[in-house]
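In: just coords:
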């Protein structure tokens with residue numbers, strides 16, 4: 001397969017690129033870190049350097065690609081709101097620009113060039129299953145990605161293009177290493193890559209893992225809002 005992965009210079013994206021190359025696929029890895037891209041290139045990954053949040057760069061870098069079998073739009077960031085009464089609108093803008101708007105730019109560049117039988121995967125998160133403290137920006141961005149993916153799945157089906165939404169729990173990456181709170185059932189990036197690759201090969205539309213954690217959050221997400229707010233507030237007091 002010919003596979004394109006954004007955010008391929010670290011974390012899940014990097015592991016996916018390396019694992020797909022090891023399986024003999026042709027991989028295009030995209031990112032901003034030129035040194036990391038050069039390291040990937042030395043291992044056989046075709047590298048493209050651009051900022052996914054810059055429309056002109058995205059269209060110039062991706063607009064001529066074709067014959068892609070799988071596109072994984074993985075590039076993302078996470079920032080937490082620490083002072084809600086002094087809400088940082090620019091923080092929200094940064095997160096949405098990378099996690100949502102950048103995905104839109106990539107879709108604009110790539111979807112017209114994708115053929116019947118191809119698949120696009122969007123990186124969401126199980127975090128938007130529940131309103132979590134300090135996650136106003138990150139959770140909102142991933143809620144937008146979920147809606148985008150599920151709507152695209154309907155609109156692209158007549159064109160023969162599959163859509164998958166990836167919703168991991170905690171994965172050990174440089175991004176989660178910065179977190180200052182407990183991360184239950186955190187999985188290694190190699191395990192995340194194995195699950196994602198396996199489920200994408202099967203054409204699964206919603207990929208979530210680890211199942212014990214994601215199923216718990218889905219169950220809690222079914223609680224009345226007031227009930228969950230009381231649980232969350234008790235957690236904050238601790």
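Out: All right, it came through fine. A quick note: this is a predicted structure, and the numbers were derived from the prediction, not measured.
In: where does residue 221 sit relative to residue 132, distance-wise?
Out: Using Cβ to Cβ, to the nearest Å, we find residue 221 at a distance of 11 Å from residue 132. C-beta coordinates here come from the backbone N, C-alpha and C atoms, glycine included.
In: So the two - more neighbours on which side?
Out: Neighbour tally, residue 221 and residue 132, criterion other Cβ atoms under 10 Å: the higher count belongs to residue 132, 17 against 13.
In: Please name the nearest non-neighbouring residue to the more buried one.
Out: The shortest distance from residue 132 to any non-neighbouring residue, by Cβ to Cβ, 6 or more residues apart in numbering, is to residue 139 (6.1 Å).
In: Confirm for me that that neighbour is in contact with residue 131.
Out: Yes. The criterion here is Cβ atoms under 8 Å, and residue 139 meets it with residue 131 at 6.6 Å.
In: neighbour-wise, which of these two wins?
Out: Legend: neighbour count by other Cβ under 10 Å for residue 139 and residue 131, higher for residue 139 (19 against 16).
In: In which helix or strand does the more buried one reside?
Out: Here residue 139 sits within helix 136-156, counting by DSSP states H and E.
In: bridging residues for residue 168?
Out: In this entry, residue 168 is beta-bridged to residue 209, by DSSP bridges.
In: Just give me the neighbour total for it.
Out: Residue 168: 25 surrounding residues under other Cβ under 10 Å.
In: residues touching it, list them.
Out: If you count contacts by Cβ atoms under 8 Å, 6 or more residues apart in numbering, residue 168 has them with 12, 125, 126, 187, 192, 208, 209.
In: Poorly predicted segments of the protein, please.
Out: Counting by pLDDT under 70, the chain shows low-confidence ranges at 235-238.
In: could you pull out the helices for it?
Out: 11-22, 34-42, 55-62, 89-96, 102-110, 136-156, 189-202, 211-221, 225-237 (DSSP state H).
In: Ranking the ones you listed by mean neighbour count, which comes first?
Out: The highest average neighbour count among the helices of the chain, using mean count of other Cβ atoms under 10 Å, belongs to helix 11-22 at a mean of 22.
In: what comes into contact with that one?
Out: 1, 3, 5-8, 27, 29, 31, 36, 40, 43-45, 72, 74-75, 123, 168, 171, 173-175, 189-190, 192-194, 196-197.
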